[in-house]
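A.B. asks: The sequence and its predicted three-dimensional model are supplied below.
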Amino acid sequence: MATAESLEGLLADTKCPICLDCLRNPVTIECGHNFCHSCIEHTWKDQHDIFLCPVCRHSCQDMQLRNNTQLGNMAEIAKLLHITMSKMEKEEETSLCKSHNQLLSLFCEEDQKFLEYERETLLTRLAEEEKYIKQKLNANIAAFSDYKSTLKSLLKDVAEKSVVSEVQLLSNIKSIHDRYERLKSPDLFSFQLRKEECVLPPLSLELQKIIKKFKREVTLDPETAHPNLLVSEDKKSVTLVLTKKRSYFNQRGFTTYSVVLGCEDFQSGRHYWEVKVDDKPEWMLGVCVDSLSRKETQLPTGQNRCWAIQLCNGDYVAQGPVPLILVLRDKPRGIGVYLDYELGMISFYNLNNRSHIHSFTDRFSGVLKPYFYVGHDSKPLTICAVTDYEL
(Lines give C-alpha, C1' and ligand atoms only; values in the text may rest on other atoms or scores of the structure.)
Protein backbone atom coordinates (compact mmCIF):
# COMPACT_ATOMS: atom_id res chain seq x y z
CA MET A 1 0.00 0.00 0.00
CA ALA A 2 2.84 2.39 0.92
CA THR A 3 4.55 1.65 -2.39
CA ALA A 4 1.32 2.37 -4.28
CA GLU A 5 0.89 5.67 -2.43
CA SER A 6 4.50 6.65 -3.15
CA LEU A 7 3.99 5.80 -6.80
CA GLU A 8 0.84 7.91 -6.96
CA GLY A 9 2.78 10.81 -5.46
CA LEU A 10 5.55 10.37 -8.01
CA LEU A 11 3.00 10.26 -10.84
CA ALA A 12 1.38 13.46 -9.57
CA ASP A 13 4.76 15.23 -9.49
CA THR A 14 5.51 14.24 -13.08
CA LYS A 15 2.19 15.28 -14.64
CA CYS A 16 1.79 18.34 -16.82
CA PRO A 17 -0.63 20.85 -15.17
CA ILE A 18 -2.08 21.63 -18.61
CA CYS A 19 -2.75 18.26 -20.28
CA LEU A 20 -2.75 16.29 -16.95
CA ASP A 21 -0.68 13.56 -18.62
CA CYS A 22 2.94 12.47 -18.02
CA LEU A 23 5.35 15.23 -18.96
CA ARG A 24 6.67 14.97 -22.52
CA ASN A 25 9.82 16.95 -23.33
CA PRO A 26 9.39 18.92 -20.08
CA VAL A 27 10.51 22.55 -19.82
CA THR A 28 10.80 24.89 -16.83
CA ILE A 29 9.60 28.49 -17.01
CA GLU A 30 10.76 31.53 -15.05
CA CYS A 31 8.66 30.85 -11.93
CA GLY A 32 9.91 27.26 -11.64
CA HIS A 33 6.82 25.36 -12.80
CA ASN A 34 7.18 22.58 -15.37
CA PHE A 35 5.08 21.81 -18.45
CA CYS A 36 5.17 19.77 -21.65
CA HIS A 37 7.04 21.81 -24.25
CA SER A 38 4.13 21.62 -26.71
CA CYS A 39 1.51 22.43 -24.01
CA ILE A 40 3.11 25.66 -22.79
CA GLU A 41 3.92 26.77 -26.35
CA HIS A 42 0.28 26.28 -27.34
CA THR A 43 -0.93 28.12 -24.21
CA TRP A 44 1.37 31.08 -24.86
CA LYS A 45 1.02 31.28 -28.64
CA ASP A 46 -1.47 34.22 -28.48
CA GLN A 47 0.39 36.08 -25.69
CA HIS A 48 2.97 38.70 -26.63
CA ASP A 49 4.29 41.06 -23.97
CA ILE A 50 3.51 39.20 -20.74
CA PHE A 51 3.43 35.42 -20.43
CA LEU A 52 1.33 34.22 -17.47
CA CYS A 53 2.14 30.93 -15.74
CA PRO A 54 -0.97 28.68 -15.98
CA VAL A 55 -0.39 27.51 -12.38
CA CYS A 56 0.62 30.53 -10.27
CA ARG A 57 -0.21 33.32 -12.76
CA HIS A 58 3.30 34.71 -12.40
CA SER A 59 4.12 37.21 -15.16
CA CYS A 60 7.10 35.96 -17.14
CA GLN A 61 8.92 38.69 -19.03
CA ASP A 62 9.84 36.50 -21.99
CA MET A 63 9.03 33.11 -23.47
CA GLN A 64 12.22 31.48 -22.23
CA LEU A 65 11.77 27.71 -21.89
CA ARG A 66 14.54 25.70 -20.19
CA ASN A 67 14.70 22.01 -21.06
CA ASN A 68 14.45 19.74 -18.01
CA THR A 69 15.84 16.41 -19.19
CA GLN A 70 16.13 14.93 -15.70
CA LEU A 71 12.44 15.56 -14.98
CA GLY A 72 11.65 13.88 -18.30
CA ASN A 73 13.56 10.80 -17.12
CA MET A 74 11.61 10.85 -13.85
CA ALA A 75 8.33 11.02 -15.76
CA GLU A 76 9.32 8.05 -17.91
CA ILE A 77 10.31 6.02 -14.83
CA ALA A 78 7.05 6.87 -13.07
CA LYS A 79 5.13 5.77 -16.15
CA LEU A 80 7.02 2.46 -16.37
CA LEU A 81 6.58 1.78 -12.65
CA HIS A 82 2.85 2.47 -12.96
CA ILE A 83 2.58 0.00 -15.86
CA THR A 84 4.53 -2.62 -13.89
CA MET A 85 2.34 -2.20 -10.79
CA SER A 86 -0.82 -2.44 -12.93
CA LYS A 87 0.43 -5.67 -14.49
CA MET A 88 1.24 -7.12 -11.07
CA GLU A 89 -2.24 -6.24 -9.76
CA LYS A 90 -3.85 -7.78 -12.83
CA GLU A 91 -1.79 -10.96 -12.43
CA GLU A 92 -2.90 -11.24 -8.81
CA GLU A 93 -6.54 -10.97 -9.89
CA THR A 94 -6.14 -13.72 -12.51
CA SER A 95 -4.04 -16.10 -10.39
CA LEU A 96 -6.97 -18.11 -8.99
CA CYS A 97 -7.26 -21.76 -9.94
CA LYS A 98 -10.57 -22.24 -11.79
CA SER A 99 -10.96 -25.79 -10.47
CA HIS A 100 -10.30 -25.11 -6.77
CA ASN A 101 -10.93 -21.34 -6.51
CA GLN A 102 -7.59 -20.98 -4.70
CA LEU A 103 -4.40 -19.09 -5.46
CA LEU A 104 -2.21 -20.91 -7.96
CA SER A 105 0.97 -22.44 -6.56
CA LEU A 106 4.16 -22.54 -8.60
CA PHE A 107 6.48 -25.53 -8.32
CA CYS A 108 9.98 -26.11 -9.61
CA GLU A 109 9.62 -28.74 -12.35
CA GLU A 110 12.78 -30.57 -11.25
CA ASP A 111 12.57 -30.49 -7.45
CA GLN A 112 8.79 -29.94 -6.98
CA LYS A 113 9.48 -27.07 -4.61
CA PHE A 114 7.49 -23.90 -4.18
CA LEU A 115 8.88 -20.90 -6.03
CA GLU A 116 7.55 -18.41 -3.49
CA TYR A 117 11.08 -17.75 -2.18
CA GLU A 118 12.24 -16.76 -5.67
CA ARG A 119 9.21 -14.51 -6.04
CA GLU A 120 9.84 -12.78 -2.70
CA THR A 121 13.51 -12.33 -3.59
CA LEU A 122 12.55 -10.69 -6.88
CA LEU A 123 10.01 -8.36 -5.23
CA THR A 124 12.53 -7.40 -2.54
CA ARG A 125 15.13 -6.59 -5.18
CA LEU A 126 12.62 -4.47 -7.10
CA ALA A 127 11.67 -2.57 -3.92
CA GLU A 128 15.34 -1.92 -3.11
CA GLU A 129 15.98 -0.77 -6.67
CA GLU A 130 12.98 1.59 -6.50
CA LYS A 131 14.22 3.03 -3.19
CA TYR A 132 17.74 3.49 -4.57
CA ILE A 133 16.51 5.25 -7.72
CA LYS A 134 14.27 7.58 -5.68
CA GLN A 135 17.22 8.53 -3.45
CA LYS A 136 19.37 9.30 -6.47
CA LEU A 137 16.58 11.29 -8.11
CA ASN A 138 16.18 13.37 -4.96
CA ALA A 139 19.95 13.97 -5.01
CA ASN A 140 19.67 15.07 -8.64
CA ILE A 141 16.86 17.50 -7.77
CA ALA A 142 18.90 18.96 -4.89
CA ALA A 143 21.95 19.38 -7.14
CA PHE A 144 19.84 21.11 -9.78
CA SER A 145 18.33 23.39 -7.12
CA ASP A 146 21.78 24.49 -5.92
CA TYR A 147 22.90 24.99 -9.51
CA LYS A 148 19.80 27.07 -10.22
CA SER A 149 20.39 29.28 -7.16
CA THR A 150 23.99 29.91 -8.21
CA LEU A 151 22.87 30.82 -11.71
CA LYS A 152 20.24 33.23 -10.35
CA SER A 153 22.87 34.92 -8.18
CA LEU A 154 25.21 35.27 -11.15
CA LEU A 155 22.46 36.67 -13.37
CA LYS A 156 21.49 39.15 -10.66
CA ASP A 157 25.09 40.42 -10.43
CA VAL A 158 25.27 40.73 -14.21
CA ALA A 159 22.00 42.70 -14.27
CA GLU A 160 23.22 45.07 -11.52
CA LYS A 161 26.57 45.69 -13.19
CA SER A 162 25.03 46.19 -16.63
CA VAL A 163 23.53 49.56 -15.59
CA VAL A 164 26.91 51.14 -14.83
CA SER A 165 29.03 53.02 -17.33
CA GLU A 166 30.71 51.17 -20.17
CA VAL A 167 34.15 51.66 -18.63
CA GLN A 168 33.06 50.17 -15.28
CA LEU A 169 31.25 47.34 -17.09
CA LEU A 170 34.39 46.42 -19.01
CA SER A 171 36.43 46.43 -15.80
CA ASN A 172 33.93 43.99 -14.22
CA ILE A 173 33.79 41.63 -17.20
CA LYS A 174 36.77 39.55 -16.07
CA SER A 175 35.35 38.83 -12.60
CA ILE A 176 31.98 37.84 -14.11
CA HIS A 177 33.69 35.62 -16.67
CA ASP A 178 35.83 33.97 -13.95
CA ARG A 179 32.70 33.17 -11.92
CA TYR A 180 31.09 31.69 -15.02
CA GLU A 181 34.17 29.55 -15.72
CA ARG A 182 34.12 28.19 -12.15
CA LEU A 183 30.46 27.27 -12.47
CA LYS A 184 30.29 23.52 -13.01
CA SER A 185 27.26 21.50 -14.00
CA PRO A 186 26.14 19.15 -11.21
CA ASP A 187 27.17 15.50 -11.38
CA LEU A 188 24.02 13.58 -12.17
CA PHE A 189 23.11 9.97 -11.55
CA SER A 190 22.05 8.14 -14.71
CA PHE A 191 20.27 4.81 -14.71
CA GLN A 192 18.29 2.32 -16.76
CA LEU A 193 15.44 0.18 -15.56
CA ARG A 194 16.06 -3.53 -15.75
CA LYS A 195 13.26 -5.62 -17.17
CA GLU A 196 12.44 -8.54 -14.87
CA GLU A 197 10.87 -11.49 -16.63
CA CYS A 198 9.15 -14.14 -14.55
CA VAL A 199 9.67 -16.83 -17.17
CA LEU A 200 10.97 -20.31 -16.45
CA PRO A 201 13.79 -20.93 -18.97
CA PRO A 202 13.79 -24.16 -20.97
CA LEU A 203 15.37 -27.08 -19.11
CA SER A 204 18.24 -29.12 -20.49
CA LEU A 205 15.82 -31.73 -21.84
CA GLU A 206 13.86 -29.05 -23.67
CA LEU A 207 17.09 -27.67 -25.10
CA GLN A 208 17.93 -31.12 -26.45
CA LYS A 209 14.57 -31.13 -28.25
CA ILE A 210 15.33 -27.68 -29.71
CA ILE A 211 18.75 -28.85 -30.89
CA LYS A 212 17.39 -31.99 -32.51
CA LYS A 213 14.55 -30.25 -34.32
CA PHE A 214 15.84 -26.78 -35.18
CA LYS A 215 19.65 -27.02 -35.48
CA ARG A 216 20.83 -24.94 -38.41
CA GLU A 217 23.99 -25.02 -40.52
CA VAL A 218 25.30 -21.46 -40.18
CA THR A 219 28.26 -20.12 -42.19
CA LEU A 220 30.15 -16.81 -42.26
CA ASP A 221 29.80 -14.33 -45.11
CA PRO A 222 33.32 -13.06 -46.04
CA GLU A 223 31.79 -10.17 -48.02
CA THR A 224 30.50 -8.62 -44.77
CA ALA A 225 33.76 -9.10 -42.83
CA HIS A 226 35.93 -6.22 -41.63
CA PRO A 227 39.14 -5.96 -43.74
CA ASN A 228 41.26 -7.25 -40.83
CA LEU A 229 39.19 -10.41 -40.37
CA LEU A 230 40.33 -13.72 -41.83
CA VAL A 231 37.45 -16.11 -42.57
CA SER A 232 38.40 -19.79 -42.96
CA GLU A 233 37.83 -21.63 -46.25
CA ASP A 234 34.92 -23.60 -44.80
CA LYS A 235 33.41 -20.30 -43.56
CA LYS A 236 33.15 -21.65 -40.02
CA SER A 237 35.90 -19.73 -38.22
CA VAL A 238 37.00 -16.08 -38.10
CA THR A 239 40.20 -14.52 -36.71
CA LEU A 240 41.47 -10.96 -36.30
CA VAL A 241 44.78 -10.38 -38.13
CA LEU A 242 47.10 -7.36 -38.39
CA THR A 243 47.30 -7.37 -42.18
CA LYS A 244 44.19 -6.39 -44.09
CA LYS A 245 42.73 -9.33 -46.01
CA ARG A 246 40.86 -7.10 -48.44
CA SER A 247 42.30 -4.03 -50.13
CA TYR A 248 39.27 -3.03 -52.21
CA PHE A 249 36.24 -1.17 -50.82
CA ASN A 250 33.21 -3.36 -50.17
CA GLN A 251 29.89 -1.69 -49.33
CA ARG A 252 28.68 -4.84 -47.55
CA GLY A 253 31.74 -5.04 -45.29
CA PHE A 254 32.09 -3.51 -41.81
CA THR A 255 34.66 -0.71 -41.72
CA THR A 256 35.08 0.21 -38.03
CA TYR A 257 34.63 -2.87 -35.82
CA SER A 258 35.83 -6.45 -36.29
CA VAL A 259 32.38 -7.76 -37.23
CA VAL A 260 31.21 -10.40 -39.71
CA LEU A 261 27.66 -11.60 -40.39
CA GLY A 262 26.33 -15.04 -41.27
CA CYS A 263 25.26 -15.96 -44.80
CA GLU A 264 21.80 -17.06 -43.69
CA ASP A 265 18.70 -14.83 -43.93
CA PHE A 266 16.11 -15.40 -41.20
CA GLN A 267 12.61 -14.05 -41.90
CA SER A 268 10.58 -16.81 -40.26
CA GLY A 269 10.84 -20.08 -38.39
CA ARG A 270 13.01 -21.37 -35.54
CA HIS A 271 16.76 -21.79 -35.76
CA TYR A 272 19.54 -22.99 -33.43
CA TRP A 273 23.32 -22.85 -33.80
CA GLU A 274 26.38 -22.96 -31.57
CA VAL A 275 29.61 -20.96 -31.43
CA LYS A 276 32.85 -21.93 -29.70
CA VAL A 277 34.44 -19.02 -27.79
CA ASP A 278 36.87 -20.94 -25.52
CA ASP A 279 38.94 -18.43 -23.50
CA LYS A 280 38.59 -15.39 -25.79
CA PRO A 281 38.65 -12.25 -23.60
CA GLU A 282 36.26 -10.29 -25.83
CA TRP A 283 33.40 -11.22 -28.17
CA MET A 284 29.75 -10.54 -29.00
CA LEU A 285 27.31 -13.07 -30.51
CA GLY A 286 23.67 -12.94 -31.53
CA VAL A 287 21.52 -11.68 -34.39
CA CYS A 288 21.07 -8.28 -36.02
CA VAL A 289 18.94 -6.67 -38.69
CA ASP A 290 20.33 -7.05 -42.21
CA SER A 291 20.09 -3.27 -42.67
CA LEU A 292 22.63 -2.65 -39.85
CA SER A 293 25.00 0.14 -40.92
CA ARG A 294 28.48 -1.12 -41.87
CA LYS A 295 30.06 2.23 -40.93
CA GLU A 296 28.87 2.52 -37.31
CA THR A 297 31.35 4.33 -35.06
CA GLN A 298 30.24 2.21 -32.09
CA LEU A 299 28.83 -1.26 -31.52
CA PRO A 300 25.02 -1.46 -32.01
CA THR A 301 24.16 -1.67 -28.30
CA GLY A 302 21.01 -0.39 -26.62
CA GLN A 303 18.99 -0.27 -29.84
CA ASN A 304 16.39 -2.42 -31.61
CA ARG A 305 18.89 -3.46 -34.27
CA CYS A 306 20.97 -6.13 -32.54
CA TRP A 307 20.25 -8.70 -29.82
CA ALA A 308 23.41 -10.31 -28.49
CA ILE A 309 25.49 -11.52 -25.55
CA GLN A 310 28.79 -9.68 -25.12
CA LEU A 311 31.94 -10.35 -23.08
CA CYS A 312 33.75 -7.06 -22.44
CA ASN A 313 36.27 -6.20 -19.69
CA GLY A 314 35.36 -9.42 -17.89
CA ASP A 315 31.63 -8.62 -17.77
CA TYR A 316 28.90 -10.53 -19.60
CA VAL A 317 26.29 -8.13 -20.94
CA ALA A 318 22.93 -8.80 -22.62
CA GLN A 319 23.00 -6.21 -25.41
CA GLY A 320 19.42 -5.48 -26.45
CA PRO A 321 17.15 -2.43 -26.28
CA VAL A 322 18.31 -2.04 -22.65
CA PRO A 323 21.83 -3.37 -21.85
CA LEU A 324 21.86 -5.67 -18.80
CA ILE A 325 24.90 -7.02 -16.93
CA LEU A 326 24.62 -10.78 -16.40
CA VAL A 327 25.99 -12.82 -13.51
CA LEU A 328 27.16 -16.25 -14.71
CA ARG A 329 28.31 -19.02 -12.38
CA ASP A 330 30.99 -20.23 -14.76
CA LYS A 331 32.70 -18.87 -17.85
CA PRO A 332 31.08 -20.39 -20.95
CA ARG A 333 33.40 -21.92 -23.54
CA GLY A 334 30.60 -22.10 -26.06
CA ILE A 335 27.31 -20.29 -26.69
CA GLY A 336 24.09 -21.75 -28.11
CA VAL A 337 21.82 -19.30 -29.95
CA TYR A 338 18.11 -20.04 -30.47
CA LEU A 339 15.90 -17.76 -32.58
CA ASP A 340 12.10 -18.05 -32.74
CA TYR A 341 11.16 -15.40 -35.31
CA GLU A 342 7.35 -15.60 -35.00
CA LEU A 343 7.45 -15.64 -31.19
CA GLY A 344 9.90 -12.70 -31.19
CA MET A 345 12.38 -14.45 -28.91
CA ILE A 346 16.15 -14.97 -28.92
CA SER A 347 17.65 -17.23 -26.23
CA PHE A 348 21.28 -17.93 -25.32
CA TYR A 349 22.68 -21.04 -23.61
CA ASN A 350 25.92 -21.87 -21.83
CA LEU A 351 27.27 -24.97 -23.56
CA ASN A 352 29.33 -25.95 -20.51
CA ASN A 353 26.18 -27.39 -18.92
CA ARG A 354 23.39 -26.51 -21.41
CA SER A 355 22.06 -23.90 -18.94
CA HIS A 356 19.97 -20.91 -19.99
CA ILE A 357 21.81 -17.55 -19.94
CA HIS A 358 19.31 -14.96 -21.15
CA SER A 359 16.34 -14.41 -23.48
CA PHE A 360 15.24 -11.31 -25.41
CA THR A 361 11.62 -10.77 -26.43
CA ASP A 362 10.89 -8.28 -29.17
CA ARG A 363 8.87 -7.82 -32.35
CA PHE A 364 10.90 -8.63 -35.45
CA SER A 365 10.42 -7.39 -39.00
CA GLY A 366 12.59 -7.85 -42.06
CA VAL A 367 15.66 -10.02 -42.42
CA LEU A 368 17.76 -11.05 -39.39
CA LYS A 369 21.38 -12.24 -39.71
CA PRO A 370 23.73 -14.13 -37.36
CA TYR A 371 26.10 -11.56 -35.80
CA PHE A 372 29.74 -12.13 -34.78
CA TYR A 373 32.00 -9.52 -33.15
CA VAL A 374 35.56 -10.88 -32.80
CA GLY A 375 37.01 -8.26 -30.44
CA HIS A 376 40.64 -7.07 -30.41
CA ASP A 377 42.48 -10.34 -29.72
CA SER A 378 43.78 -12.90 -32.22
CA LYS A 379 41.87 -15.91 -30.86
CA PRO A 380 39.18 -17.23 -33.24
CA LEU A 381 35.41 -17.52 -33.03
CA THR A 382 34.29 -20.85 -34.46
CA ILE A 383 30.84 -22.06 -35.49
CA CYS A 384 30.83 -25.68 -34.33
CA ALA A 385 28.75 -28.61 -35.50
CA VAL A 386 26.06 -29.02 -32.85
CA THR A 387 26.50 -32.79 -32.50
CA ASP A 388 30.31 -32.50 -32.28
CA TYR A 389 30.50 -30.06 -29.39
CA GLU A 390 31.83 -31.73 -26.24
CA LEU A 391 30.13 -30.81 -22.97
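C.D. replies: Here it is on my side, so go on.
A.B. asks: just checking, what packs against the longest helix anywhere in the chain?
C.D. replies: Of all the segments of type helix in the chain, defined by DSSP state H, the longest one is helix 116-161. If you count contacts as 3 or more C-beta pairs under 8 Å, 6 or more residues apart in numbering; DSSP states H and E, helix 116-161 packs onto helix 2-13, helix 69-93, helix 166-182. Any C-beta I mention is one placed from the backbone N, CA and C, and that applies to glycine too.
A.B. asks: tell me which element the most centrally placed residue in the chain is part of?
C.D. replies: Among the residues of the chain, the one closest to the centroid is V322, at 2.0 Å (C-alpha atoms, centre = their mean). Assigned by DSSP states H and E, V322 belongs to no helix or strand.
A.B. asks: what do you get for the one 10 residues further on?
C.D. replies: Using DSSP H and E, P332 sits in no helix or strand.
A.B. asks: ok, it - how many residues close by?
C.D. replies: 22 (other C-beta atoms under 10 Å).
A.B. asks: got a list of what R216 touches?
C.D. replies: The neighbours of R216, taking C-beta atoms under 8 Å, 6 or more residues apart in numbering as the test, are E264, H271, Y272, W273.
A.B. asks: so where's the stretch 151-300 of the chain shaky on pLDDT?
C.D. replies: Residues of the stretch 151-300 of the chain that meet the criterion pLDDT under 70 lie in 161-173, 176-177, 179-207, 245-250, 297-298, 300.
A.B. asks: which stretches of it form strands?
C.D. replies: Across the stretch 151-300 of the chain, reading from the start of the chain, the strands by DSSP state E, counting those that start in this stretch fall at 229-231, 237-240, 259-261, 270-276, 283-289.
A.B. asks: Dump the ones you listed to a markdown table, plus mean neighbour count and distance to C306.
C.D. replies: Below are those laid out as a markdown table (neighbours: other C-beta atoms under 10 Å; distance: least, C-beta to C-beta, whole Å):
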| stretch | mean neighbour count | distance to C306 |
| --- | --- | --- |
| strand 229-231 | 20 | 18 |
| strand 237-240 | 19 | 17 |
| strand 259-261 | 23 | 10 |
| strand 270-276 | 21 | 15 |
| strand 283-289 | 22 | 4 |
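A.B. asks: Out of those, flag the one nearest I210.
C.D. replies: strand 270-276 (5.4 Å; C-beta to C-beta).
A.B. asks: So for E41, which of the strands of the stretch 151-300 of the chain sits nearest?
C.D. replies: When those are ranked by proximity to E41, the top entry is strand 283-289, at 35.9 Å, counting by C-beta to C-beta.
A.B. asks: Now do that closest one against strand 270-276, angle only.
C.D. replies: Orientation check (axes from the mean of the first three to the mean of the last three C-alpha atoms, to 10 degrees): strand 283-289 against strand 270-276 gives 160 degrees.
A.B. asks: Which elements pack onto strand 283-289?
C.D. replies: Secondary-structure packing of strand 283-289 (3+ C-beta pairs under 8 Å, 6+ apart): strand 306-312, strand 334-340, strand 345-350, strand 368-373.
A.B. asks: Mean neighbour count, the ones you listed: which tops it?
C.D. replies: When the helices and strands packed on strand 283-289 are scored by mean count of other C-beta atoms under 10 Å, the highest mean neighbour count falls to strand 368-373 (a mean of 25).
A.B. asks: what residues does that strand touch?
C.D. replies: The list of residues contacting strand 368-373 from outside it, by C-beta under 8 Å, 6+ apart, reads 218, 220, 238, 257-262, 264-267, 273, 275, 283-290, 292, 299, 306, 308, 310, 337, 339, 341, 381.
A.B. asks: Recalculate using a threshold of 6 Å.
C.D. replies: Applying C-beta atoms under 6 Å, 6 or more residues apart in numbering, the contact partners of strand 368-373 are 218, 259-262, 266, 284, 286-288, 290, 308, 381.
A.B. asks: That strand - what's its average pLDDT?
C.D. replies: Strand 368-373 shows a mean pLDDT of 95 in the predicted model.
A.B. asks: next structured bit after that strand?
C.D. replies: Next along the chain after strand 368-373, with elements defined by DSSP H and E, is strand 381-384.
A.B. asks: Distance from the chain centre to that next one, please.
C.D. replies: Averaging C-alpha positions (C-alpha atoms, centre = their mean, to the nearest Å) puts strand 381-384 28 Å from its chain's average.
A.B. asks: again with stretch 46-54
C.D. replies: Taking mean C-alpha positions (C-alpha atoms, centre = their mean), stretch 46-54 and its chain are 39 Å apart.
A.B. asks: residues of that stretch that come out buried?
C.D. replies: Of the residues in stretch 46-54, those scored as buried under the neighbour-count criterion (16 or more other C-beta atoms under 10 Å) are F51, C53, P54.
A.B. asks: still on that earlier bit, is it possible to get TSV of the helices and strands packed on strand 283-289 that adds distance to D62?
C.D. replies: Converted to TSV, those look like this (distance: least, C-beta to C-beta, whole Å):
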stretch	distance to D62
strand 306-312	45
strand 334-340	55
strand 345-350	51
strand 368-373	50
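A.B. asks: So which of these is nearest P227?
C.D. replies: Closest to P227 of the helices and strands packed on strand 283-289, according to C-beta to C-beta: strand 368-373, at 15.1 Å.
A.B. asks: first to last residue in stretch 305-321, what's the distance?
C.D. replies: Between the start and the finish of stretch 305-321 there is a gap of 8 Å, counting by C-alpha to C-alpha, to the nearest Å.
A.B. asks: outside of it, which residues touch it?
C.D. replies: Outside stretch 305-321, the residues touching it (C-beta under 6 Å, 6+ apart) are 282-289, 292, 300-301, 304, 323-326, 328, 346, 348, 358, 360, 371.
A.B. asks: follow-up on the earlier one: which one of the buried residues of stretch 46-54 is nearest L20?
C.D. replies: The closest of the buried residues of stretch 46-54 to L20 turns out to be P54 (C-beta to C-beta; 11.7 Å).
A.B. asks: you'd agree that closest one is in a helix?
C.D. replies: No - counting by DSSP: H, G, I helix; E, B strand; the rest coil, P54 is not found in a helix; it is coil.
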